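Colleague: just need the structure, nothing else, for what follows:
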Amino acid sequence: MQLGSGRGGSRRRGRRGERSPVAEINVTPLVDVMLVLLIIFMVTAPLLVTGVPVELPESRAKAIEQPEEPIEIAIDKGGVIYVDGDAVASSDLPARLEALAATGDAGERAVVLRGDKSIDYGAMMSVMGELNRAGLNSISLVTTGSGAQP
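Modeller: Next up, the predicted model:
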């Protein structure tokens with residue numbers, strides 16, 4: 001009597017000559033799902049960085065390296081001012097900026113100012129004036145990079 005002979009090889013046959021299922025994990029679908037999730041996260045991660053939807057003007061200037069985490073101020077289309085992602089009323093802005101200037105080195109901490117291109121120029125200058133009054137003088141205006149020629 002010979003074991004392992006026949007069509008099934010060394011696998012045991014169950015009732016009625018059927019083969020028993022193989023208990024192996026197929027890793028290929030798992031890898032496919034993980035790659036799809038990786039691509040989704042790679043595409044959506046840059047979108048999560050911007051907290052306030054602001055349509056920035058274009059500029060050909062190069063990006064500036066910042067050694068420390070800057071204070072982010074944004075003004076949206078409606079003129080609402082956001083400080084580090086939190087909406088701040090115009091009347092509360094001076095107090096909020098003075099509180100930020102009081103923590104750490106006020107002269108060395110950078111401020112990143114982003115304003116929607118459709119807002120009034122006076123609104124932007126008003127925020128810049130409050131920044132100056134609070135002692136935050138290192139202000140960077142954010143634009144989108146563009147290859148547009150002047």
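Colleague: could I get the buried residue list for stretch 30-49?
Modeller: Going by neighbour count (16 or more other CB atoms under 10 Å), nothing in stretch 30-49 comes out as buried. C-betas here are computed from N, CA, C, even on glycine.
Colleague: burial measure for the nearest residue to residue 133 once chain neighbours are set aside, as a count.
Modeller: Spatial nearest neighbour of residue 133, excluding adjacent residues (CB to CB, 6 or more residues apart in numbering): residue 94 at 6.9 Å. By the criterion of other CB atoms under 10 Å, residue 94 has 15 neighbours.
Colleague: ok, residue 94 to residue 102 distance?
Modeller: 13 Å (CB to CB, to the nearest Å).
Colleague: next one: residue 35
Modeller: In terms of CB to CB, residue 35 sits 48 Å off from residue 102.
Colleague: in this protein, where is pLDDT below threshold?
Modeller: Applying pLDDT under 70 to the chain flags residues 1-17, 48-52, 64-68, 104-108, 145-150.
Colleague: now for the residue lying closest to residue 59 once chain neighbours are set aside: which residues touch it?
Modeller: Spatially, and ignoring its direct neighbours in sequence, residue 59 is nearest to residue 143 (3.7 Å; CB to CB, 6+ apart). Listed by CB atoms under 8 Å, 6 or more residues apart in numbering, the contact partners of residue 143 are 56, 57, 58, 59, 61.
Colleague: what sits against the closest residue in space to residue 139 that isn't next to it in sequence?
Modeller: Counting by CB to CB, 6+ apart, residue 139 lies nearest to residue 111, which is 4.8 Å off, once chain neighbours are set aside. Going by CB under 8 Å, 6+ apart, residue 111 touches 70, 71, 73, 131, 136, 138, 139, 140.
Colleague: who's in contact with residue 96?
Modeller: Counting by CB under 8 Å, 6+ apart, residue 96 touches 83, 88.
Colleague: name the element it belongs to?
Modeller: According to DSSP states H and E, residue 96 maps onto helix 93-102.
Colleague: gap between that helix and the chain center?
Modeller: Taking the mean of its C-alpha atoms, helix 93-102 sits 25 Å from the chain's own mean (CA atoms, centre = their mean, to the nearest Å).
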